[in-house]
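[1] return a 3D structure for these sequence lines:
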Amino acid sequence: MVYIIIISIVLFFILIYVFYTGIKTSIYVRRIVNEKDKPPAFAPPSPKKVIRNRFKSSLFETAITCLENEVEKDYAFKSIIEKLPLFLKADSWSFFLTSPNDEWRFLFWSKNLDFLPLEEVASEIQISGEHIKKVLNTKKILFIKDTKKNGLWNQKHSLSKSWLGIPITVKNEIIGVLNVDWFKQARVSKFETELINYFLEDIDRILKTVFSLHEQFLSSELDILTQVYNRKALEKYISQHKSDSSNKAVIFLDFDNFKKINDNFGHTIGDQALKILTKRIQNSIKSDDLIYRYGGDEFVIIINEIRENNSIDIIIQRIKSTVKTPITIKDTLIISSISIGYCLVPQEAPDIEKAIEIADKRMYLQKEIH
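    Okay, here's the model as predicted:
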């Protein structure tokens with residue numbers, strides 16, 4: 001009997017505490033939200049709202065931490081989008097860049113996918129990946145419960161039994177697809193689907209407002225990995241300078257055997273090496289000269305105000321020298337070299353477009369010598 005009385009008293013005080021805390025919380029909440037959005041004083045919180053707010057809070061915490069530590073934008077981007085597969089308890093995940101004007105490629109992936117030939121997989125998906133193409137066409141998430149029985153799934157190198165494709169958009173433009181994989185059959189409930197769509201709205205908002213990625217990191221004219229101009233920007237430059245008769249030099253360069261670096265040390269090391277080498281090349285030219293990632297490990301450089309062949313020879317030697325300098329990444333020593341071709345405008349070509357074609361051919365002639 002005594003125990004019952006004690007338990008009753010404890011429960012009574014617990015109820016009073018919960019009741020008091022609820023009223024106090026409601027008062028503070030009503031002070032924060034807009035007048036029109038004030039919730040009823042004793043309405044229980046919506047589970048979706050609670051989860052979404054916590055997720056949003058987690059995203060902002062991640063974004064602020066990245067900004068405070070001044071991490072690179074691609075790492076910050078990875079830290080944000082990987083929240084979704086972690087929430088869904090996935091076995092693996094990857095983020096797939098689907099540029100309409102360039103080769104598709106994996107930008108980030110979980111460690112357990114390191115063994116895959118990701119360049120081959122990316123090429124394969126760009127040709128026959130109907131599951132990715134459906135996500136891009138519909139701009140909606142796509143869940144495949146059983147990959148073996150689904151006609152859209154043609155991926156050879158895959159352990160996935162269930163797969164979820166999530167379009168990542170910035171300013172209503174899809175920049176890529178987040179692949180979420182399970183190695184056994186999984187289920188994505190209607191509740192989880194609604195939450196994922198809420199999360200995508202929050203991710204889009206954070207990418208835009210916190211990092212201004214639609215203008216800087218994810219600019220339609222910037223290469224997402226190297227942060228130099230992309231091929232789309234080069235095409236725009238060509239169209240805008242068709243009648244430009246000023247003296248320029250066009251350099252076409254390609255890294256020698258760069259695929260071996262990816263094969264021997266992994267794509268993460270390869271990507272880091274490419275970023276470092278691109279930055280070195282940028283430092284070898286003037287600030288008003290332009291560098292474009294043409295595709296893969298090929299780059300086009302436009303040198304402004306150049307008149308003599310010996311000037312371009314000096315620039316090329318400087319670029320080659322800086323690229324030759326060994327790179328150390330995580331105790332891995334990487335030695336690289338490049339093949340270069342160039343063409344002078346207007347001395348050897350009437351415009352930039354023709355100069356790129358000539359410089360490209362000269363670069364391949366040099367590559368055959370190596």
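[2] just for the stretch 1-150 of the chain, where's the confidence low?
    Where the stretch 1-150 of the chain drops to pLDDT under 70, the residues are 1-3, 10, 12-13, 15, 17-45, 67-73.
[3] the helices in it, which residues?
    Listed in chain order, the helices of the stretch 1-150 of the chain (DSSP state H, counting those that start in this stretch) span 2-32, 47-68, 73-81, 83-87, 118-128, 130-138.
[4] got CSV for the ones you listed, with mean neighbour count and distance to K260 too?
    To be clear about C-beta, it is placed using only N, CA and C from the backbone, and glycine gets the same treatment. Converted to CSV, those look like this (neighbours: other C-beta atoms under 10 Å; distance: least, C-beta to C-beta, whole Å):
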stretch, mean neighbour count, distance to K260
helix 2-32, 10, 57
helix 47-68, 14, 32
helix 73-81, 19, 23
helix 83-87, 17, 31
helix 118-128, 16, 12
helix 130-138, 17, 28
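[5] now for the ones you listed, which one comes closest to K161?
    helix 130-138 (13.9 Å; C-beta to C-beta).
[6] keeping just the C-alphas, turn that closest one into PDB.
    Below are the C-alpha coordinates for helix 130-138, written out as PDB (Å, rounded to 0.1, in the frame of the first residue of the first chain):
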ATOM      1  CA  GLU A 130      17.200   4.400 -67.400                       C
ATOM      2  CA  HIS A 131      16.700   4.600 -63.700                       C
ATOM      3  CA  ILE A 132      18.800   7.800 -63.500                       C
ATOM      4  CA  LYS A 133      17.200   9.200 -66.600                       C
ATOM      5  CA  LYS A 134      13.800   8.800 -65.200                       C
ATOM      6  CA  VAL A 135      14.800  10.700 -62.100                       C
ATOM      7  CA  LEU A 136      16.100  13.500 -64.300                       C
ATOM      8  CA  ASN A 137      13.100  13.600 -66.600                       C
ATOM      9  CA  THR A 138      10.500  13.600 -63.800                       C
END
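[7] picking up where we left off before, which one of the helices of the stretch 1-150 of the chain lies nearest to N264?
    Smallest distance to N264 across the helices of the stretch 1-150 of the chain (C-beta to C-beta): 13.4 Å, for helix 118-128.
[8] for the stretch 151-300 of the chain, give me the ranges with low pLDDT.
    In the stretch 151-300 of the chain (pLDDT under 70), the answer is 157, 171, 209-220.
[9] can you report how many residues neighbour K149?
    8 (other C-beta atoms under 10 Å).
[10] same thing with D256?
    Count around D256 with other C-beta under 10 Å applied: 16.
[11] residues contacting it?
    S336, S337, I338, S339, K367, H370 (C-beta atoms under 8 Å, 6 or more residues apart in numbering).
[12] what's the most distant pair in the residues you listed?
    So, the contacts of D256 by C-beta to C-beta: farthest apart are S336 and K367, at 13.7 Å.
[13] look at these two and report which has more neighbours.
    More neighbours surround S336 than the other of S336 and K367, with 21 against 15 (other C-beta under 10 Å).
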